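[1] Could you work out the structure for the sequence below:
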Amino acid sequence: MLSSQRHLFDLPDDVAYLNGAYMSPQLHAVETAGIKALKRKSQPFNIQLADFFEPVQALRSAYARLINCPEPGRIAIIPSVSYGMAAVARNLKLQPGDNVILTQEQFPSNYYAWERVTEAHGATIRTVDPPRESPRGQAWNAAILDAIDERTAMVAIGQVHWADGTLFDLKAIRKRATEAGAWLVIDGTQSVGAYPFDVEAIQPDALICAGYKWLMGPYSIGLAYYGPALDDGLPVEENWINRVDSHDFRNLVNYQPDYKPLAARYNMGEQSNFILVPMLKTGIDQLLDWGTTNIQSYARQLLGTALQELESLGCTMEPEEQRAHHLVGVRLPARADMDLFREQLREEQVHVSIRGNAIRVSCHLYNEAQEVERLMKCFKAVIG
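    Just a heads-up that it's a prediction; the model follows:
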């Protein structure tokens with residue numbers, strides 16, 4: 001199993017950063033790639049034609065390897081999850097009376113696009129609430145499957161729930177969606193890069209990911225996989241570089257009606273971003289070297305004993321087999337004072353997120369046992 005990789009990051013010893021689901025710390029290598037790229041603009045005569053295309057292709061290929069996608073051409077460069085979802089919304093065929101399946105308290109970027117498009121076409125959003133009892137993962141998955149019917153046009157969901165790490169059974173949901181003739185659209189922002197994802201096994205119609213969390217990249221760049229259902233769709237914007245023969249700068253004014261094939265039509269304008277592209281590529285290269293299975297194993301070992309102790313103290317969380325290891329939602333017993341818990345976190349310089357009634361603990365290879373010990377001190381201060 002991998003050992004701690006903290007030395008590859010700029011994290012002070014007096015800070016316990018168990019909050020990768022909020023934003024990843026930056027690898028030294030990613031920072032170096034960004035600084036090198038930033039300096040290139042000072043001498044723009046060194047930016048050549050190939051620099052508009054080759055780094056983008058390298059990034060698409062690296063990400064395709066990460067998610068086991070055999071066709072890098074199905075990867076698009078996007079600025080945000082909302083942008084990636086907007087492309088899906090523009091091409092989703094809805095009729096009055098159709099429904100779109102979501103889960104309760106889904107992240108807003110995977111909600112607002114569907115709210116607008118269903119209202120515009122007389123369709124409805126069908127939100128599947130989690131069961132009140134705990135554990136809830138198995139029953140929640142069953143409820144999602146039951147909600148899909150012959151009028152379902154799309155299921156839009158995460159691989160894990162962003163607030164507490166509950167795993168969704170994407171293979172079973174894919175099977176049921178296919179039977180209903182529905183698309184499966186996945187927000188992989190809180191899992192891809194830290195948890196294994198296999199495009200070949202799941203066959204999503206779209207997989208949308210921000211780059212600044214588990215992909216170890218910078219803010220304002222992300223990646224999207226678009227399957228065959230979107231091969232002939234319309235993009236969010238009409239930019240020159242997504243058109244056939246855009247590499248021929250001499251003939252750009254000979255306007256080209258045809259898009260490049262597969263997902264290339266969905267690339268954002270200025271996709272060649274000479275700073276962010278090499279930074280994200282560097283982050284994904286490191287993930288490929290580590291391996292997502294190894295990241296999960298490290299997180300499981302790091303948090304395992306602490307989570308068992310928290311259960312014995314009255315906290316609740318999903319069973320190990322129904323959640324991810326890198327992102328775990330811990331719910332305090334009713335007697336605990338959440339305000340006091342927040343104060344303890346500040347005193348110990350422990351960084352986690354509180355999402356709904358869940359304390360979201362999200363760890364990675366840069367975390368070590370002493371950070372978990374400080375987190376446990378905060379918990380014990382409020383629950384005994």
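
[2] tell me which strands and helices the helix or strand residue 359 falls within is in contact with?
    In the assignment (DSSP states H and E), residue 359 maps to strand 358-362. Packing partners of strand 358-362 (3 or more C-beta pairs under 8 Å, 6 or more residues apart in numbering; DSSP states H and E): strand 327-330, strand 353-355. Where you see a C-beta, it was placed from the backbone N, CA and C, and this is true even at glycine.

[3] Of these, which is nearest residue 134?
    Residue 134 lies closest to strand 327-330 among the helices and strands packed on strand 358-362, at 10.5 Å (C-beta to C-beta).

[4] Could you list the buried residues of the helix or strand just after that closest one?
    Remark: after strand 327-330, the chain's next helix or strand is helix 338-348, criterion DSSP H and E. Neighbour-count burial for helix 338-348, with 16 or more other C-beta atoms under 10 Å as criterion, is recorded at 341, 344-345, 348.

[5] Helix or strand with the lowest mean pLDDT in this protein?
    Lowest mean confidence among the helices and strands of the chain (mean pLDDT, DSSP states H and E): strand 353-355, at a mean of 89.

[6] who does it touch, helix- and strand-wise?
    Using 3+ C-beta pairs under 8 Å, 6+ apart, strand 353-355 is in contact with strand 358-362.

[7] tell me the angle the strand it packs on makes with helix 338-348.
    30 degrees (axes from the mean of the first three to the mean of the last three C-alpha atoms, to 10 degrees).

[8] could you point out which element follows strand 358-362?
    Next along the chain from strand 358-362, counting by DSSP H and E, comes helix 369-383.

[9] between that following helix and helix 338-348, how many degrees?
    Using the same axes, to 10 degrees, helix 369-383 lies at 150 degrees relative to helix 338-348.

[10] can you dump the C-alpha coordinates of helix 369-383 into CSV?
    Taking C-alpha atoms only, helix 369-383 is exported to CSV below (Å, rounded to 0.1, in the frame of the first residue of the first chain):
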residue,chain,number,x,y,z
ALA,A,369,-2.6,9.8,11.6
GLN,A,370,-1.8,12.8,13.8
GLU,A,371,-4.5,14.8,11.9
VAL,A,372,-7.1,12.1,12.6
GLU,A,373,-6.1,12.2,16.2
ARG,A,374,-6.8,15.9,16.4
LEU,A,375,-10.1,15.4,14.7
MET,A,376,-11.0,12.7,17.3
LYS,A,377,-10.1,15.2,20.1
CYS,A,378,-12.8,17.5,18.7
PHE,A,379,-15.4,14.8,18.6
LYS,A,380,-14.7,13.6,22.1
ALA,A,381,-14.9,17.1,23.4
VAL,A,382,-18.6,17.2,22.5
ILE,A,383,-19.7,13.6,22.9
